[in-house]
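*Asks:* here is my input, please return the structure:
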Amino acid sequence: MHALPERATALPSVTVALRAVESLLLGRGQRTARRNAWSAVLEDRRRAQDRVEALHVLEAVADRAPRAT
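*Replies:* From the prediction side, this is the model:
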């Protein structure tokens with residue numbers, strides 16, 4: 001039975017490999033645009049979550065408020 005040879009260096013992570021490919025294929029401006037777009041997506045998600053939470057608060061207050069007859 002043969003043992004597998006040990007590597008002297010660790011293999012790069014998938015993220016590091018993808019970033020290396022990205023840097024080869026895309027120019028600096030495109031990389032910046034992609035990162036900015038992702039930041040905008042994350043900010044939109046945060047605002048959407050804030051809107052949902054605000055809606056829940058408003059609904060809870062409306063349920064407790066006395067109704068005019």
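*Asks:* taking the centroid of the protein, which residue is nearest it?
*Replies:* In the chain, the C-alpha nearest the mean C-alpha coordinate belongs to residue 42, at 5.5 Å (Cα atoms, centre = their mean).
*Asks:* tell me how far that residue lies from residue 48.
*Replies:* Distance from residue 42 to residue 48, counting by Cβ to Cβ, to the nearest Å: 11 Å. Using the backbone N, CA and C atoms, a C-beta is placed for each residue, glycine as well.
*Asks:* same question for residue 60.
*Replies:* In terms of Cβ to Cβ, residue 60 sits 19 Å off from residue 48.
*Asks:* could you do residue 22 as well?
*Replies:* Counting by Cβ to Cβ, the gap from residue 22 to residue 48 is 27 Å.
*Asks:* also residue 61?
*Replies:* As judged by Cβ to Cβ, residue 61 and residue 48 stand 21 Å apart.
*Asks:* please enumerate the strands of this protein.
*Replies:* Taking DSSP state E, the chain contains no strands at all.
*Asks:* so what's residue 26 closest to, chain neighbours aside?
*Replies:* Nearest residue to residue 26 in three dimensions, chain neighbours excluded: residue 34, at 7.3 Å (Cβ to Cβ, 6 or more residues apart in numbering).
*Asks:* check the one you found and give its pLDDT.
*Replies:* You'll see residue 34 listed with a pLDDT of 87.
*Asks:* to what extent is it buried, counted in neighbours?
*Replies:* Counted with other Cβ atoms under 10 Å, the neighbours of residue 34 add up to 12.
*Asks:* also the one 10 residues further on?
*Replies:* Using other Cβ under 10 Å, residue 44 has 10 neighbouring residues.
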